[in-house]
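Engineer: Sharing a sequence plus its predicted fold:
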Amino acid sequence: MTTREVEHEITIAAPAPAVYRLLAEVTNWPRIFPPTIHVEQVERNGSEERIRIWATANGEAKNWTSRRELDPEGLRITFRQEIPAPPVAAMGGTWIIEPLEENTSRVRLLHDYRAVGDDPHDLLWIDQAVDRNSRSELDALKKNVEFAYAAEEVTFSFEDTVLVDGSVKDVYAFINEANLWSERLPHVATVRLHEDTPGLQTLEMDTRAKDGSLHTTKSYRVTFPHQHIAYKQVTLPALMTLHTGHWTFTDTDEGVTATSQHTVTLNTDNITTVLGPDATLTDARTYVHTALSTNSRATLNHAKAHAESRR
């Protein structure tokens, strides 16, 4: 069998340890890979891990599983697809991050692969696909890692929690059944929810602001029944360049804790345009935090009332 080995590289304006961390910690992937919605660590055994990735391709949400081996000292990450899709018989590779200067690094992306039946035409097709994808992935990695590294000071997370005297299934159902939110939540005007693949949702909705204006948002959601729902917002208001989050539901002795968590990167270019000429970064942070928390708390309290009414 013919095994092809290829290499691509790019130079990134960020320190090598920071680049490695952003690649190694899969919770960062929605920040650095625009198509990535959510990544879940399925298994971890020492330096080896199995991860499940949900991402969009041509506007559709897909998911697959890979195995990785992490080498933080060598700044290397080895990966292998568990079940390659034909015509690929096997596919794996390595990320190698090399420091060039204090704030500059080289990222090398190595691939090795085989074609089903060693077919030369299929091998050529894979050659072209790997070359095209590697170049675009490294270009996107450079752009988004440089941005994520520079934006760490304007990226922040927060959460709101309520305690529910009811069933975890009923609380989860309220958040999962977003198609009913226009009937159940005063701040939601209209909803369009699609779930062509079980557990993968596309959610578009029009929400009312305090001044009565309508704002349209679109998110992709990944659902894990009765435990949590992860999402990535893909149409963003002017003050944000990133918005991801989780709804989590936990049974405790006191009741169900329902939590809404947000991670946000502020769009510093638009602060004075949106909030006025004297607005500061602190003003923008407070404004965004307040707006998202207000909607989250309203949704959580309606979920609480719904679940408690069904006891």
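Structural biologist: Looks like it came in fine.
Engineer: doesn't residue 30 make contact with residue 55?
Structural biologist: No - using CB atoms under 8 Å, residue 55 is not in contact with residue 30, being 9.2 Å away. Heads up, the C-betas are built off the backbone N, CA and C, glycines and all.
Engineer: Contacts only, for residue 110.
Structural biologist: 5, 6, 7, 93, 94, 96 (CB atoms under 8 Å, 6 or more residues apart in numbering).
Engineer: can you check residue 95 too?
Structural biologist: Here residue 95 is in contact with 23, 76, 77, 79, 107, 108, 109 (criterion: CB under 8 Å, 6+ apart).
Engineer: 6 Å - rerun?
Structural biologist: When contacts are counted by CB atoms under 6 Å, 6 or more residues apart in numbering, residue 95 is found next to 23, 77.
Engineer: Now the longest helix along the chain: average pLDDT?
Structural biologist: Longest helix in the chain by number of residues (criterion: DSSP state H): helix 120-150. What helix 120-150 shows for mean pLDDT is 88.
Engineer: same thing with stretch 156-168?
Structural biologist: 96.
Engineer: where do the contact lists of residue 55 and residue 30 overlap?
Structural biologist: Common neighbours of residue 55 and residue 30 (CB under 6 Å, 6+ apart) are residue 36.
Engineer: which of those two has more neighbours?
Structural biologist: residue 30 (23 against 20; other CB atoms under 10 Å).
Engineer: before we move on, which element is the more buried one in?
Structural biologist: helix 29-32 (DSSP states H and E).
Engineer: Show me the contact partners of the following helix or strand past that helix.
Structural biologist: Downstream of helix 29-32, the first helix or strand assigned by DSSP H and E is strand 36-45. With CB under 6 Å, 6+ apart as the test, strand 36-45 has contacts from 26, 29-30, 49-55, 220, 222, 230, 232.
Engineer: May I see the PyMOL selection of the buried members of these?
Structural biologist: Per 16 or more other CB atoms under 10 Å, the buried members of the contacts of strand 36-45 correspond to this PyMOL selection:
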select buried, resi 26+29+30+49+51+52+53+54+55+220+222+230+232
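Engineer: rewinding a little: and the next helix-or-strand element following the longest helix of the chain with helix 120-150, angle?
Structural biologist: In the C-terminal direction, the helix or strand that comes right after helix 120-150 (DSSP H and E) is strand 155-164. Taking axes from the mean of the first three to the mean of the last three CA atoms, to 10 degrees, one finds strand 155-164 and helix 120-150 inclined to each other by 90 degrees.
Engineer: Buried residues, strand 155-164. List them.
Structural biologist: Under the neighbour-count criterion of 16+ other CB under 10 Å, strand 155-164 has 160, 162, 164 buried.
Engineer: May I have the residues that are in contact with the last one?
Structural biologist: By CB under 6 Å, 6+ apart, the contact list for residue 164 reads 171, 255, 256, 258, 304, 307.
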